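**Student:** Quick one, structure for this:
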Amino acid sequence: MTRSFKEGSARTWRFTSRALAALFLGSVQTAAAGEHSAETPGCKEITARLIERTNTHFDRFSPSGGSVFFKRPDMVLICDPKFVTYVSINWDASGFPSNDWFALAARAGSAVTGTELKKLETAAHRCHRAALNDKSELASVYLDDATVEC
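**Tutor:** This next block holds a predicted model:
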């Protein structure tokens, strides 16, 4: 989960696979998913899991085909199995997401990483608290098989 940038008053979180975390963290500014990578079988499986576990709805592919946009709840899957795969989730303008939002974020993160829900939800809460206490308002929590950034 990443609250790495602000879009208006919304905050964004990302879950990323632990194996790809170094690439993702080192390439956040220039990372772009491969052309039509979200249409690969692996990314289609992740897309199906996101829909099943979060009750989100497919909206569209990005023009490059590297991202999948969902609505109700809104989220974006960046999927390039050769580079990095993560889900980005927003919450409203308040600085304190609800417990339901943290549960949703954990379900989305689990769909991408396969990590246990409770571990992700706990990590999301820890990351949020750390970000609130950090001057930059950025934080990361590293698990064995996932990274939570906020």
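
**Student:** what's near enough to touch residue 51?
**Tutor:** Taking Cβ atoms under 8 Å, 6 or more residues apart in numbering, we find residue 51 in contact with 57, 58, 70. (Each C-beta comes from the backbone N, C-alpha and C, glycine too.)

**Student:** of all those residues, which comes closest to residue 123?
**Tutor:** Of all those, residue 70 has the smallest distance to residue 123: 21.9 Å, by Cβ to Cβ.

**Student:** which residues does the closest one contact?
**Tutor:** Counted by Cβ under 8 Å, 6+ apart, residue 70 has contacts 50, 51, 54, 56, 57, 58, 59, 76, 77.

**Student:** can we see that at 7 Å?
**Tutor:** Going by Cβ atoms under 7 Å, 6 or more residues apart in numbering, residue 70 touches 50, 56, 57, 58, 59.

**Student:** Most neighbours out of the residues you listed, which is it?
**Tutor:** residue 56 (25 neighbours; other Cβ atoms under 10 Å).

**Student:** Now it. Nearest residue, chain neighbours left out?
**Tutor:** Excluding the flanking residues, the one nearest residue 56 by Cβ to Cβ, 6 or more residues apart in numbering is residue 70, at 4.0 Å.

**Student:** So which residues of this protein form strands?
**Tutor:** Listed in chain order, the strands of the chain (DSSP state E) span 6-7, 10-17, 57-61, 67-71, 75-80, 84-91, 140-142, 146-149.

**Student:** Can you tell me which of those is packed in deepest?
**Tutor:** Comparing the strands of the chain by mean neighbour count (mean count of other Cβ atoms under 10 Å), strand 146-149 ranks first with a mean of 27.

**Student:** Tell me the strands beside that strand, with direction?
**Tutor:** Its sheet considered, strand 146-149 pairs with strand 10-17 (antiparallel), strand 140-142 (antiparallel) by DSSP bridges.

**Student:** CA atoms only: put stretch 130-149 into CSV for me.
**Tutor:** Provided in CSV are the C-alpha atoms of stretch 130-149 (Å, rounded to 0.1, in the frame of the first residue of the first chain):
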residue,chain,number,x,y,z
ALA,A,130,4.4,5.5,10.7
ALA,A,131,3.5,7.8,7.9
LEU,A,132,1.6,10.1,10.2
ASN,A,133,4.6,10.4,12.4
ASP,A,134,7.1,10.9,9.7
LYS,A,135,7.9,14.4,8.4
SER,A,136,7.7,13.3,4.8
GLU,A,137,4.4,11.5,5.5
LEU,A,138,5.8,8.4,3.7
ALA,A,139,6.5,5.0,5.2
SER,A,140,7.0,1.4,4.2
VAL,A,141,6.5,-1.9,6.0
TYR,A,142,8.3,-4.9,4.7
LEU,A,143,6.9,-8.4,5.1
ASP,A,144,8.4,-11.7,3.9
ASP,A,145,6.2,-11.8,0.8
ALA,A,146,4.8,-8.2,0.4
THR,A,147,5.7,-4.6,0.9
VAL,A,148,3.2,-2.0,2.2
GLU,A,149,3.9,1.5,1.3
